[in-house]
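Chemist: Please work out how this folds:
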Amino acid sequence: MSVDIVNFGCRLNAFEAEVIRREAEGAGLSDTIVINSCAVTNEAVAQARQSIRKLKRERPAARIVVTGCAAQTQSGMFAEMAEVDRVVGNDDKMRPSAWREARAAFDLGASEKIAVSDIMAVKEMAPHLIDGFASGLPRVFVQVQNGCDHRCTFCIIPFGRGNSRSVPMGAVVDQVQALVARGHAEIVLTGVDLTSYGADLPGTPKLGLLTKQILRHVPELRRLRISSIDSIEADSDLLDAIAEDSRLMPHLHLSLQSGDDMILKRMKRRHTRGDAIAFCDQVRRLRPDIALGADIIAGFPTETEEMFSRSLDLVEECGLTFLHVFPYSPRPGTPAARMPQVAGGAIKERSKRLRSAGEAALLQRLQAEIGATREVLIESDGQGRTEHYLPVAIAGERMGSVVPLRIAGRDGARLTA
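Modeler: Below you'll find the predicted structure:
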């Protein structure tokens, strides 16, 4: 039996899963389940633990290896689980040697299960070309950056991912060229703090220059998409590319987190409410049809109802189409965990209101699409996505192709064509 990967959390894990599979199978592992964990919330960690127990009941003979951000930050907790055979660190998981050692180390005691190195000591990032992506898969991810140099008071991720480090531009362009040659229509650039790209490289190139280089040197690339960014770090080259090249998809997801200036200050964010609104206005002037999404935390410590209402108002004021709502979850060791906490009931209620606002905004955008002709990337026999990442129910098109389709209507939270 092969190596099975169970992913939790961000898009970066989706990319890294293919590296893990390749390296683990290359090391001779079989009948092995790898849990690629997330540490962004307590719920994410709990879900990983529940999944481990469930999978062990279903496949008692399988070996279980835990890696990812939660394995990096809470390795001892996972090592103590009887179901777990090995805990591999977040940088270690990308190295062939870690998987060879894992195979040799099965059946050791709990204290010897852990293979987690110091993530803060990692200073460079090697490119990982994915040969394992199936040829013709519509959308694939390219990791161009990892780690984060910022220390938002609510966030544990820098301690799971380490400090920011980037893949050199030439290596990224080579990856994109190779993947396009394999038939992938859409490439998504991904990282932990994507707009910090290049600060550690010679000449300190920024994300915008990388984007322009890809578009210039890979003319056969149909679609380039950028995953979550920090809007305050968006550079002029990136804005130029948004305005000038239709192959860069008109869809951005923003790390906003709150709409209240005092909460943003207590989060140790680097933007203000006004900055967020101004950026959204600017990109909409450059690309009037752009679809914007955002991460927003509900119930951050000290958040009052009035402060929360400013986050709620951002959905309309920034013209957001997609909303990722995170009920605040105190992460041990972070400054926010020591701040006065909001009652759990209030966090739940505010999260519900934010999600309702997000659902209404998405439906409004879907309704406005009816009658338009969109370039739809066919993801499967039954669904594709527009340039704006809106889902479309389709039939009879070849997976991986990009076809112009007239939007005829809406079926729930999907368009129809």
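
Chemist: For the rest of this, base every contact and every neighbour count on C-alpha atoms.
Modeler: Fine.

Chemist: the strands in the stretch 151-300 of the chain, which residues?
Modeler: Using DSSP state E, counting those that start in this stretch, the strands of the stretch 151-300 of the chain run over residues 165-166, 186-190, 223-226, 251-257, 291-298.

Chemist: Pull the contacting residues for A243.
Modeler: V283, L286, R287 (Cα atoms under 8 Å, 6 or more residues apart in numbering).

Chemist: returning to what we had before: output the strands of the stretch 151-300 of the chain in a markdown table; the columns should cover mean neighbour count.
Modeler: Conversion of the strands of the stretch 151-300 of the chain to a markdown table gives the following (neighbours: other Cα atoms under 10 Å):
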| stretch | mean neighbour count |
| --- | --- |
| strand 165-166 | 25 |
| strand 186-190 | 23 |
| strand 223-226 | 21 |
| strand 251-257 | 22 |
| strand 291-298 | 23 |
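
Chemist: Minimum distance to A44: which of the ones you listed has it?
Modeler: Nearest to A44, of all these, is strand 291-298, at 15.0 Å by Cα to Cα.

Chemist: Skip ahead from that closest one and say which helix or strand is next.
Modeler: For strand 291-298, the succeeding helix or strand toward the C-terminus, using DSSP states H and E, is helix 305-317.

Chemist: partners of the helix or strand that that next one is followed by in the sheet?
Modeler: Note on helix 305-317: by DSSP H and E, the next helix or strand toward the C-terminus is strand 320-327. Sheet partners assigned to strand 320-327 using DSSP bridges are listed as strand 291-298 (parallel).

Chemist: picking up where we left off before, ok, which of the strands of the stretch 151-300 of the chain comes nearest E16?
Modeler: Nearest to E16 among the strands of the stretch 151-300 of the chain is strand 186-190 (10.7 Å), distances taken as Cα to Cα.

Chemist: Neighbour-wise, which one of the contacts of A243 leads?
Modeler: Using other Cα atoms under 10 Å as the neighbour test, the contacts of A243 are led by V283, with 20 neighbours.

Chemist: Spit out the contact partners of it.
Modeler: When contacts are counted by Cα under 8 Å, 6+ apart, V283 touches L239, I242, A243, I290.

Chemist: So for the last one, what pLDDT did the model give?
Modeler: I290 is assigned a pLDDT of 97 by the prediction.

Chemist: hmm, which of the contacts of V283 are the buried ones?
Modeler: Buried subset of the contacts of V283 (neighbour count, 16 or more other Cα atoms under 10 Å): I242, A243, I290.

Chemist: of all those, which comes closest to E359?
Modeler: Nearest to E359 among the buried ones among the contacts of V283, counting by Cα to Cα, is I290 at 17.8 Å.

Chemist: Kindly confirm my reading that L405 is in a strand.
Modeler: Yes - looking at L405 with DSSP: H, G, I helix; E, B strand; the rest coil, it is inside a strand.

Chemist: would you list every one of the helices in the stretch 1-150 of the chain?
Modeler: In the stretch 1-150 of the chain, the helices defined using DSSP state H, counting those that start in this stretch lie at 11-26, 42-58, 69-73, 75-79, 96-105.

Chemist: List just the nearest of the buried ones among the contacts of V283 to V88.
Modeler: Minimum distance to V88 across the buried ones among the contacts of V283 is 38.8 Å, recorded for I242 (Cα to Cα).

Chemist: What's the separation between the spatially closest residue to the closest one that is not a sequence neighbour and G293?
Modeler: Spatial nearest neighbour of I242, excluding adjacent residues (Cα to Cα, 6 or more residues apart in numbering): L248 at 6.3 Å. The gap separating L248 from G293 is 16 Å, by Cα to Cα, to the nearest Å.

Chemist: likewise A185?
Modeler: A185 sits 22 Å away from G293, going by Cα to Cα.

Chemist: Please apply the same query to A39.
Modeler: According to Cα to Cα, A39 stands 22 Å off from G293.

Chemist: same question, S196
Modeler: In this view, S196 and G293 are 19 Å apart by Cα to Cα.

Chemist: low-confidence ranges in the stretch 301-417 of the chain?
Modeler: Of all residues in the stretch 301-417 of the chain, none has pLDDT under 70.

Chemist: For it, just list every one of the helices.
Modeler: Ranges of helices within the stretch 301-417 of the chain are 305-317, 344-369, based on DSSP H, counting those that start in this stretch.

Chemist: tell me the angle of the first one relative to strand 320-327?
Modeler: Inter-element angle recorded for helix 305-317 and strand 320-327: 150 degrees (by axes from the mean of the first three to the mean of the last three Cα atoms, to 10 degrees).

Chemist: quick one, helix 305-317 and helix 344-369 angle?
Modeler: On the basis of the same axes, to 10 degrees, helix 305-317 is oriented at 10 degrees to helix 344-369.
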